[in-house]
Every structure is written in structure tokens, then in C-alpha cells.
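1. predicted model follows, preceded by the sequence.
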Amino acid sequence: MWYVYIARCNDGTLYTGITTNTQRREREHNLDNARGAKSLRNKRPVQIVYHERFITRGKATKRERAIKNWGRAYKLKLIEKSKGFTL
């Protein structure tokens, strides 16, 4: 199973990625190791605030690309909608 996720960084920015394990990935981003994204090293801690599940990596990658092309406001609406809130 593959997941597309959006992480909220300490500075309020949003990061989108894919993984097979969201909990492990969040730990990797927050630890000082080579597995976390380099772009997030100065933005710790990060918290995964949204995820979607996909059967194949290809489908997850396609969705990741789509979300990365969205503006911040649209991503925030997606996150809030997943929590049952409306903006």
C-alpha cells in the first residue's frame, strides 16, 4: 500500500510526499538522519496532517504530482475537509 501525504512544518509550510508507512516517514523527517528530506531539516518538527491511500506506487506518484501543483489555499482546504471542517 502506498500513501500520499501532506506534512505541516514548524514554520507553517506544507510538504507533499509519498511513502509506504506514514508513521515511519514522519519519524524519518523529524530525526537527524539521511532518510528525511533535506529540505525539511530546518523546518522541524513536521507533522503529517493528511494522507490518501493507493494500491500502486504509480497512482500515488501521479496524485503526489497533482497535489504539488496546487496552491497552498487548495491544499489547506483538502486538509480541513478531511478533518470534517469547512473553511
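-> The structure has been received and is ready for your questions.

2. alpha carbons only for contacts and neighbour counts from here, please
-> Fine.

3. my read: T19 touches Y3, true?
-> Yes: the pair T19 / Y3 is scored as a contact, 5.3 Å apart, by C-alpha atoms under 8 Å.

4. what about those two, which has more around it?
-> More neighbours surround Y3 than the other of T19 and Y3, with 24 against 19 (other C-alpha atoms under 10 Å).

5. which secondary structure element contains the more buried one?
-> Following DSSP states H and E, one finds Y3 within strand 2-8.

6. now for that strand, which elements pack on it?
-> strand 14-19, strand 47-54, helix 57-68 (3 or more C-alpha pairs under 8 Å, 6 or more residues apart in numbering; DSSP states H and E).

7. in CSV: these, plus distance to E80.
-> Converted to CSV, the helices and strands packed on strand 2-8 look like this (distance: least, C-alpha to C-alpha, whole Å):
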stretch, distance to E80
strand 14-19, 13
strand 47-54, 9
helix 57-68, 15
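
8. look at Y74 and say how many residues are nearby.
-> Y74 has 11 neighbours, counted by other C-alpha under 10 Å.
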